[in-house]
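> Pasted the sequence and its predicted model underneath.
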Amino acid sequence: GAVVSQHPSRVICKSGTSVKIECRSLDFQATTMFWYRQFPKQSLMLMATSNEGSKATYEQGVEKDKFLINHASLTLSTLTVTSAHPEDSSFYICSATRQGWYGYTFGSGTRLTVV
Amino acid sequence: QQQVKQSPQSLIVQKGGIPIINCAYENTAFDYFPWYQQFPGKGPALLIAIRPDVSEKKEGRFTISFNKSAKQFSLHIMDSQPGDSATYFCAAAGGSQGNLIFGKGTKLSVKP
């Protein structure tokens, strides 16, 4: 149980375009989802926390207008990278948990390359 | 106070050895301490986790030792295998649904 599906696994986009990444909890209701960014050989950096039906809470230094997060249902959160630039190229990972549960399930990650 | 300090940064052991990775935290509100394994290009996968009410937890070849007074916890991998070669992250969180704070990671290489 507790499976999180993240799509796409890889995406290449042109500079200036927008890219949407989906994160779905397949067998549980995810009351809270997290989005992380990971640079090569580095740890996971939390970008934002989203609770179902509420606006996401962004970490300091993360541009909320650039990284749009939507958590419209208990099983789906999306991260949209708007007007992507090469410096946005990174590995993006989502994670989900639910109320009253000590555990976090991670998606398999999305490798974004902006050319 | 929000940091989780992890060491060593990298570790090389022979097959069958017992690598030990250590983490330390400051925030006494943390009450959930997981370890994750990550292979290149993949998301982190939960290995084992512990709550502060126990000092040790074992699952298969993986053991967490937890020292609440010292605010330290460690991962031991028994009978390590080349397939265990990966990056390991410790983490900590406070309260259900709290943010996970990650250590910087340890790259483990197990030589045949």
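Okay, I see it.

> Distance check, the residue located most distally from the centre of chain A against B:Ala93.
Centroid-distance maximum for chain A: A:Gly100 at 21.8 Å, with C-alpha atoms, centre = their mean. As defined by C-beta to C-beta, to the nearest Å, A:Gly100 lies at a distance of 14 Å from B:Ala93. (Glycine included, C-beta is placed from N, CA and C.)

> near chain A, which residues of chain B show up?
By C-beta under 8 Å from any C-beta of the partner chain, the part of chain B that sits against chain A consists of B:32, B:34, B:36, B:41-46, B:49, B:51, B:89, B:93, B:96-97, B:99-100, B:102-105, B:107.

> and if we set it to 7 Å?
Counting by C-beta under 7 Å from any C-beta of the partner chain, the residues of chain B close to chain A are B:32, B:41-44, B:89, B:96-97, B:99-100, B:102-105.

> where does B:Phe30 fall, phi/psi-wise?
Dihedral angles phi and psi of B:Phe30 (degrees, to the nearest 10) take the values phi -60, psi 140.

> Just the buried ones among the residues of chain B next to chain A, please.
Among the residues of chain B next to chain A, those buried by neighbour count (16 or more other C-beta atoms under 10 Å in any protein chain shown) are B:32, B:42-44, B:89, B:96-97, B:99-100, B:102-105.

> List the contacts of the residue most central in space within chain A.
Nearest to the geometric centre of chain A sits A:Trp35, at 3.7 Å (C-alpha atoms, centre = their mean). By C-beta atoms under 7 Å, 6 or more residues apart in numbering or on different chains, the contact list for A:Trp35 reads A:Met47, A:Ala48, A:Ile69, A:Leu79, A:Tyr92, A:Cys94.

> Nearest to B:Ile77 among the residues you listed?
Relative to B:Ile77, the closest of these is A:Cys94; by C-beta to C-beta it sits at 27.1 Å.

> so the closest residue to that closest one other than its chain neighbours is in which element?
If the residues on either side of it in the chain are set aside, A:Cys94 comes closest to A:Cys23, at 3.4 Å by C-beta to C-beta, 6 or more residues apart in numbering or on different chains. Using DSSP states H and E, A:Cys23 sits within strand A:19-25.

> Check which residues of that strand are buried.
The neighbour-count check on strand A:19-25 (16+ other C-beta under 10 Å) flags A:Val19, A:Ile21, A:Glu22, A:Cys23, A:Arg24, A:Ser25 as buried.

> Need the residues you listed in TSV (columns: distance to B:Asn22).
Output for the buried residues of strand A:19-25, formatted as TSV (distance: C-beta to C-beta, whole Å):
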residue	distance to B:Asn22
A:Val19	38
A:Ile21	34
A:Glu22	36
A:Cys23	31
A:Arg24	35
A:Ser25	32
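
> Please list the residues of chain A that sit near chain B.
Residues of chain A lying near chain B by C-beta under 7 Å from any C-beta: A:31-32, A:34, A:43-44, A:46, A:49, A:93, A:97, A:99-102, A:104, A:106-109, A:111.

> A:Glu22 bridge partners, please.
A:His7, A:Thr78 (DSSP bridges).

> Check whether A:His71 really touches A:Lys55, as I assumed.
No. With contact defined as C-beta atoms under 7 Å, A:His71 does not reach A:Lys55; the gap is 9.0 Å.

> So between these two, which is more surrounded?
Taking other C-beta atoms under 10 Å in any protein chain shown, A:His71 and A:Lys55 do not tie; A:His71 has more neighbours (25 against 12).

> what's the closest non-adjacent residue to that one?
A:Ser50 is the one closest to A:His71 (C-beta to C-beta, 6+ apart), at 3.8 Å.
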